[in-house]
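Student: Take a look and give me a structure for this.
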Amino acid sequence: MLKKHHKLMWDFTSAFIRSLRRPVFIYLATLAFTAQAIFAAFFYLAEAGKNERVASFFDSFYFTVTVMTGVGLGDIAPVTGPGRFVAMMMMLAGTAIFVAFTGVLAASILDVENEHLDK
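Tutor: Sure thing, here's the model as predicted:
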């Protein structure tokens, strides 16, 4: 029984690793990084010089990553109307992209589970 459990866990792990090479996962990773870079640029343009917490593009990129992943640490917050609008767009895009990541990984896990049910 223990050996079956280890085999199942190994299959799940290898399915996860295989899913990282799926074209849809690579597309989503590229989309996520591109969206973060674009949103960071827009946020920087809207907030630089008006928000003391946004001193560099890196600060803007850091804010973008925390907002799009849903972490939102709160150490940087938009102070301008356009900055707030960009932040809202980041929240919506981040939710959509990372939900899609979850779907891809869930599909991989279900594929492995179905393979084991067939055996």
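Student: roughly how far apart are residue 112 and residue 14?
Tutor: From residue 112 across to residue 14, the span is 8 Å (C-beta to C-beta, to the nearest Å). (Glycine included, C-beta is placed from N, CA and C.)
Student: Please identify which of these two sits among more neighbours.
Tutor: The neighbour comparison of residue 112 against residue 14 (other C-beta atoms under 10 Å) goes to residue 112, with 19 against 12.
Student: what helix or strand is that one on?
Tutor: Following DSSP states H and E, the helix or strand that holds residue 112 is helix 81-118.
Student: Quick check: buried residues in the helix or strand bottoming out on mean pLDDT in the chain?
Tutor: Lowest by mean pLDDT, DSSP states H and E among the helices and strands of the chain is helix 2-19, with a mean of 77. Residues of helix 2-19 classed as buried by neighbour count (16 or more other C-beta atoms under 10 Å): 11, 15, 19.
Student: Repeat that for stretch 101-116.
Tutor: Across stretch 101-116, burial judged by 16+ other C-beta under 10 Å covers 105, 108, 112.
Student: which ones are touching the last one?
Tutor: Residues near residue 112 by C-beta atoms under 8 Å, 6 or more residues apart in numbering: 8, 11, 12, 15.
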